[in-house]
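Participant: quick one, fold the following:
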Amino acid sequence: MGRGLSVLFSLALILYGLRMYTRIRPAFVLATPDYIITMAFLCELVIFTSLMIAINHGLGPHTFYALKDGQTTVLRCIFAVELVAFWTTSLSRISIGTLLLRFDISKTWKAVLWILIYIQLAVAIGSSVFSFLMCRPVHALWKDVPNAICLSLHVLKIWGYSSRIA
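Facilitator: All right, here's what the predicted structure looks like:
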């Protein structure tokens, strides 16, 4: 599992590097979409690092074979991935939106693009807020905490399904 993840991340790194190289050489012409995609790539780096740590602590094989002492680390890493994943996809989409805004298009299309950009921003902010509201205290997500208050499985399923639409 770690090898496949590494190959995909390496491919993304190469493509990102080529894009930045062509935007910096021969003339430095970085624009807003380039900075936004850089933020998205940094978020992806956090995801990759968290997943590699989780894999080293037992994520991947059947839970019967998983290391019991590594469960807390795995769940903490999964929380980090969950927190950053929506930002990665939203920033990628926002980057594409800002790139499209640079074209000579009608005011209607520009308005539509701005609405879609704000929707992506709202989804990322909403997912971050929801991640911190799933359990009180938050560390109850990765270890046993007496008297912790967590959202019901039904609410979590609704959030999971509805958040994938945006």
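Participant: rest of the way, CA atoms for contacts and neighbours
Facilitator: Fine.
Participant: list the contacts of residue 14.
Facilitator: Residue 14 sits next to no residue when contact means Cα atoms under 8 Å, 6 or more residues apart in numbering.
Participant: next structured bit after the strand or helix carrying it?
Facilitator: Counting by DSSP states H and E, the element that carries residue 14 is helix 2-24. Using DSSP H and E, the helix or strand that follows helix 2-24 in sequence is helix 32-56.
Participant: from the contact counts, what lies against that next one?
Facilitator: helix 2-24, helix 71-101 (3 or more Cα pairs under 8 Å, 6 or more residues apart in numbering; DSSP states H and E).
Participant: gap between it and the chain center?
Facilitator: For helix 32-56, the distance from its own C-alpha centre to the chain's C-alpha centre is 7 Å (Cα atoms, centre = their mean, to the nearest Å).
Participant: can you state the direction angle for it and helix 2-24?
Facilitator: Counting by axes from the mean of the first three to the mean of the last three Cα atoms, to 10 degrees, helix 32-56 lies at 160 degrees to helix 2-24.
Participant: show me what counts as buried in helix 32-56.
Facilitator: By 16 or more other Cα atoms under 10 Å, the buried positions in helix 32-56 come out as 33-34, 36-41, 43-48, 50-55.
Participant: mean confidence (pLDDT) on it, please.
Facilitator: Helix 32-56 comes out with an average pLDDT of 94.
Participant: ok, now stretch 90-98?
Facilitator: Taken as a whole, stretch 90-98 carries a mean pLDDT of 97.
Participant: contacts for that stretch next, please.
Facilitator: 32-34, 36-37, 39-40, 113-114, 116-117, 120-121, 123-124.
Participant: need the residue closest to the centroid of the chain.
Facilitator: residue 85 (1.5 Å; Cα atoms, centre = their mean).
Participant: what's near enough to touch that one?
Facilitator: Here residue 85 is in contact with 43-44, 47 (Cα under 8 Å, 6+ apart).
Participant: just the pLDDT at residue 62, thanks.
Facilitator: 69.
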